[in-house]
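1. Turn this into a structure:
(one chain, ligands or ions: 3)
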Amino acid sequence: MDLDRLRAAGLVVAETLDAMEAAVEPGITTKALDDLAAAVFARHGARSAPQLDYDFPGATCISVNDECVHGIPGPRRIAAGDLVKLDVTVELDGWYADACRTAFAGEPSAEAVALATAARDALERAMAGATAGAPLNAIGATVEQTVGERGFAVCEVLSGHGIGRRIHEPPDVLNYYDPELSEPLVEGQVFTIEPIIAAGGGDVVEMDDGWTVRTADGSLSAHAEHTIAITTGAPLVLTA
Ligand code: MF3
Ligand code: CO
Ligand code: CO
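-> Ligands and ions are numbered 1, 2, ... in the order given. The predicted model follows:
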């Protein structure tokens with residue numbers, strides 16, 4: 001792994017998320033948010049990884065309220081109180097980085113704030129424990145515990161992943177504890193941690209568009225994601 005080039009890709013992701021997050025407000029369409037992202041990509045010579053690897057019909061994934069992941073940008077207008085998940089993955093000179101933030105439009109409900117905070121805290125805590133030699137499944141254990149103690153659920157079928165020369169590489173980085181996955185993390189290993197959580201149950205369904213995944217019970221979903229590189233101390237957060 002070339003950490004300098006991964007970091008360069010990660011900086012494009014962070015700049016894109018800053019631009020999109022600043023533009024989230026009632027009335028804007030998800031397509032307009034996606035166009036902002038495409039402009040940042042173009043300025044850096046970066047490409048949309050979902051487009052490149054999966055023919056995804058958008059530069060970024062934008063998922064609103066009960067939508068968890070892989071929402072397609074389009075004519076939908078963001079409404080006051082909406083929870084907007086901005087998930088950005090770029091390819092820059094053959095290297096990939098991936099991150100997601102949950103943004104609010106206007107005044108969010110107390111539940112929406114608590115949910116988004118739980119996803120972010122789960123990510124922060126899991127990253128803090130992700131050091132060389134620690135078992136891979138400690139990440140899922142930390143995410144599951146943090147989310148559970150707030151009264152929320154993880155969407156178990158959705159997980160983090162290795163990343164580097166492709167958007168999705170081994171290993172899967174689960175958001176719950178699996179006793180089998182005790183292999184130690186290795187210095188230089190690069191993967192995402194991405195709690196994808198729901199205010200109600202963690203079951204999800206795919207929508208008719210063939211991409212968008214939403215909660216089965218219609219409850220709100222939040223998502224926080226970074227791409228990290230493992231060291232003997234705290235991980236490098238490549239998408240910060
Ligand atoms: N960013 C997503 C992730 O965190 C990947 C989206 S690729 C798509 O894994 F094609 F499925 F949209
Ligand atoms: Co992502
Ligand atoms: Co990801």
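2. State the distance from residue 155 to residue 84.
-> 17 Å (Cβ to Cβ, to the nearest Å). Heads up, the C-betas are built off the backbone N, CA and C, glycines and all.
3. ah, wrong one, I meant residue 91
-> Counting by Cβ to Cβ - residue 91 and residue 84 are separated by 24 Å.
4. Likewise for residue 102?
-> From residue 102 over to residue 84 (counting by Cβ to Cβ), the distance is 7 Å.
5. So which of those two has more stuff around it?
-> residue 102 (26 against 23; other Cβ atoms under 10 Å).
6. tell me which element the more buried one is part of?
-> strand 95-104 (DSSP states H and E).
7. Need the residues that contact the helix or strand that that strand is followed by.
-> Later in the chain than strand 95-104, the nearest helix or strand by DSSP H and E is helix 110-128. The contact list for helix 110-128 (Cβ atoms under 8 Å, 6 or more residues apart in numbering) reads 81, 83, 102, 104, 108, 138-139, 142-143, 146-147, 150, 152, 175, 193-199, 220-226, 228, 234-235, 237.
8. Helices along this structure, start to end?
-> 3-23, 30-44, 49-54, 110-128, 137-149 (DSSP state H).
9. Let's see the longest one as CSV, backbone CA atoms only.
-> Presented in CSV, the C-alpha positions along helix 3-23 are these (Å, rounded to 0.1, in the frame of the first residue of the first chain):
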residue,chain,number,x,y,z
LEU,A,3,0.0,5.5,2.1
ASP,A,4,1.0,8.8,0.5
ARG,A,5,-1.1,8.2,-2.6
LEU,A,6,-4.0,6.8,-0.4
ARG,A,7,-3.8,10.0,1.6
ALA,A,8,-4.0,12.1,-1.5
ALA,A,9,-7.2,10.3,-2.5
GLY,A,10,-8.5,10.7,1.1
LEU,A,11,-7.9,14.4,1.0
VAL,A,12,-10.1,14.6,-2.2
VAL,A,13,-12.8,12.7,-0.3
ALA,A,14,-12.6,15.1,2.7
GLU,A,15,-12.7,18.2,0.5
THR,A,16,-15.7,16.8,-1.4
LEU,A,17,-17.6,16.0,1.9
ASP,A,18,-16.9,19.5,3.2
ALA,A,19,-18.4,21.0,0.0
MET,A,20,-21.4,18.8,0.0
GLU,A,21,-22.1,19.2,3.8
ALA,A,22,-22.0,23.0,3.5
ALA,A,23,-24.6,22.8,0.8
